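>>> Task: produce atomic coordinates for the following.
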Amino acid sequence: MPRGSVAEVFNAFLRLGLTSFGGPIAHVGYFHREFVERRRWVDEAHYAQLLALSQFLPGPASSQAGFSLGIIRAGWLGGLAAFVAFTLPSALLMFAFAYLTPRLDRPYGQALLHGFKLVAVAVVAHGVVTMAQRLTPDARRIVLALLAAAAVLWSHTAIVQIGVVIAGAIGGLLLCRHATATVGTTFDIRYGTRVGIALLVVFGALLVIALWPDSDPNALPSAAKAFYRTGALVFGGAHVVLPLLEEAVVRPDWVSASDFFAGYGAAQAVPGPMFSLAAFLGARLEFASSSTVGAVVALLAMFLPGLLLAAGVLPLWNLITRRPAAASALAGINAAVVGLLAAALYDPVIKTAVVSPLDLAIAGIGFGLLIFKRTGVLWVLLWCVSASLTRVALGTVAA
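Below is the predicted model of the structure:
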């Protein structure tokens, strides 16, 4: 494949970071148009393998694919340039929203935040349906998804959520032996398997540290561990981060449930990776020395595991995908992820955001726009927010 410059990679991904609305599924199309059709950095076969790799690994799929494209095009600095350029615009927007949120305490401000929560209902519901169609195509995987949802609803703990992913892998090995793996295509990268294995060892060591009990739960190192743990265990796409992040920051009272879901809704309105929600949550940590420090720590901790995994597995990908067991385990994990997200849709998303039949109707129309009309998330955001603001305006006029 032809080589490029770091500046070229940065400029290409900055353009995408400023314009790629619609979340990780839409990013697949943006990347294809930009790097396969327009710039021809990779061909169809290599791009398909990058997508398979990003789906195989936990972490932010579009960011991992972009990071990998940057490495392939311009080496390590190219990967870093791709990550920074693609992430920075959304991170800055989410940081600004964290600054504005406490100032939105009047009726219209609260209505705006409530509209963001209703966006989250529509988007997560759409994610559950579309993921279920793709990842639970048979009775065995539907059963795995239902069992996973029941387990998560029964016990809202991080251990159970991790156990659900592990159980999904075991269930896949036992029940999904018919799943087939895609034979890999060689990636033209400038490092070999030894470097890849070293990166995976670093990932694992940091995960052990992140899982170690905290001596002081209300401290910045504890937050860094929580965000790293979340980024390391998110299988199945950006929307699955919702239950894990909610467990990480809402349960210990670092961020209120209201602010959390307002931030999640706002994350639907910005371009770039949805994991930039970490900038909002980090900025809201009261025990951080400053909102800037909290946002930077949360962002780096959230993205680091996914990037370590992507870079580590790139030189090993061909060996992994040739083993039938990998495809079976991944099929089971994906089914469990559907159940995990379905449980999160009910609790806490719907239980937090839907407080009246009108809320259900607003979110339902937003869901219909996504799944039947295939409108962009930005239009759903405009609908939910405008409906919420209109309700307040009518109530004020009536009063």
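>>> and stretch 241-254, what's its mean pLDDT?
When pLDDT is averaged along stretch 241-254, the result is 86.
>>> Flag every buried residue along that stretch.
By neighbour count on 16 or more other C-beta atoms under 10 Å, the buried set for stretch 241-254 is 241, 242, 243, 244, 245, 246, 247, 248, 249, 250, 254. Bear in mind the C-beta positions are built from the backbone N, C-alpha and C, glycine included.
>>> again, but for stretch 79-94
Within stretch 79-94, judged by 16+ other C-beta under 10 Å, the buried ones are 79-83, 85-94.
>>> Same check on stretch 112-132?
Those would be 112-129, 131-132, for stretch 112-132 by 16+ other C-beta under 10 Å.
>>> for stretch 51-61, same thing?
Here stretch 51-61 shows 51, 52, 53, 54, 55, 56, 57, 58, 59, 60, 61 as buried, counting by 16+ other C-beta under 10 Å.
>>> For these, could you give me CSV that also reports secondary structure?
Formatted as CSV, the buried residues of stretch 51-61 follow (DSSP: H, G, I helix; E, B strand; the rest coil):
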residue, secondary structure
51, helix
52, helix
53, helix
54, helix
55, helix
56, helix
57, coil
58, coil
59, coil
60, coil
61, helix
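>>> Save these as JSON lines, and put in pLDDT too.
Shown next, in JSON lines, are the buried residues of stretch 51-61 (pLDDT from 0 to 100):
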{"residue": "51", "pLDDT": "74"}
{"residue": "52", "pLDDT": "67"}
{"residue": "53", "pLDDT": "76"}
{"residue": "54", "pLDDT": "78"}
{"residue": "55", "pLDDT": "68"}
{"residue": "56", "pLDDT": "70"}
{"residue": "57", "pLDDT": "81"}
{"residue": "58", "pLDDT": "85"}
{"residue": "59", "pLDDT": "88"}
{"residue": "60", "pLDDT": "88"}
{"residue": "61", "pLDDT": "83"}
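>>> circling back to that earlier point, from the buried residues of stretch 79-94, which single one is nearest residue 35?
Set against residue 35, the nearest of the buried residues of stretch 79-94 by C-beta to C-beta is residue 82 (10.2 Å).
>>> any idea which element the nearest residue in space to the closest one that is not next to it in sequence lies in?
Distances taken as C-beta to C-beta, 6 or more residues apart in numbering put residue 70 closest to residue 82, at 2.9 Å, once the chain neighbours are dropped. Taking DSSP states H and E as the criterion, residue 70 maps to helix 61-100.
>>> how much does the next helix or strand after that helix deviate in direction from helix 61-100?
Later in the chain than helix 61-100, the nearest helix or strand by DSSP H and E is helix 107-135. Relative orientation of helix 107-135 and helix 61-100, computed by axes from the mean of the first three to the mean of the last three C-alpha atoms, to 10 degrees: 170 degrees.
>>> now helix 107-135, how far from the chain's geometric center?
14 Å (C-alpha atoms, centre = their mean, to the nearest Å).
>>> Any idea how many residues pack against the closest residue to residue 320 other than its chain neighbours?
Nearest non-adjacent residue to residue 320, counting by C-beta to C-beta, 6+ apart: residue 326, 5.3 Å away. Using other C-beta atoms under 10 Å, residue 326 is surrounded by 17 other residues.
>>> these two touch, right, residue 326 and residue 319?
No. Between residue 326 and residue 319 there is no contact under C-beta atoms under 8 Å: 9.5 Å.
>>> Now do the strands in the chain.
Counting by DSSP state E, the chain has no strands at all.
>>> circling back: export the buried residues of stretch 241-254 as a markdown table, with columns for distance to residue 209.
Shown next, in a markdown table, are the buried residues of stretch 241-254 (distance: C-beta to C-beta, whole Å):
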| residue | distance to residue 209 |
| --- | --- |
| 241 | 20 |
| 242 | 24 |
| 243 | 22 |
| 244 | 17 |
| 245 | 19 |
| 246 | 22 |
| 247 | 18 |
| 248 | 15 |
| 249 | 19 |
| 250 | 23 |
| 254 | 19 |
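>>> The residue lying closest to residue 211 once chain neighbours are set aside: what's it in contact with?
Computed as C-beta to C-beta, 6+ apart, the closest residue to residue 211 that is not its neighbour in sequence is residue 229, at 6.4 Å. Counting by C-beta atoms under 8 Å, 6 or more residues apart in numbering, residue 229 touches 158, 207, 210, 211, 244, 248.
>>> CSV for those residues, including distance to residue 234?
Putting those into CSV (distance: C-beta to C-beta, whole Å) gives the following:
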residue, distance to residue 234
158, 12
207, 13
210, 13
211, 15
244, 6
248, 11
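>>> so which of these would you say is closest to residue 100?
residue 248 (23.0 Å).
>>> where in the stretch 251-399 of the chain is pLDDT low?
Applying pLDDT under 70 to the stretch 251-399 of the chain flags residues 318, 321-322, 396-399.
>>> can you give me the helices in it?
Listed in chain order, the helices of the stretch 251-399 of the chain (DSSP state H, counting those that start in this stretch) span 257-267, 277-283, 291-313, 317-321, 324-344, 351-353, 357-371, 377-398.
>>> mind putting those helices in JSON lines, distance to residue 223 included?
Shown next, in JSON lines, are those (distance: least, C-beta to C-beta, whole Å):
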{"stretch": "helix 257-267", "distance to residue 223": "14"}
{"stretch": "helix 277-283", "distance to residue 223": "7"}
{"stretch": "helix 291-313", "distance to residue 223": "7"}
{"stretch": "helix 317-321", "distance to residue 223": "32"}
{"stretch": "helix 324-344", "distance to residue 223": "21"}
{"stretch": "helix 351-353", "distance to residue 223": "22"}
{"stretch": "helix 357-371", "distance to residue 223": "30"}
{"stretch": "helix 377-398", "distance to residue 223": "28"}
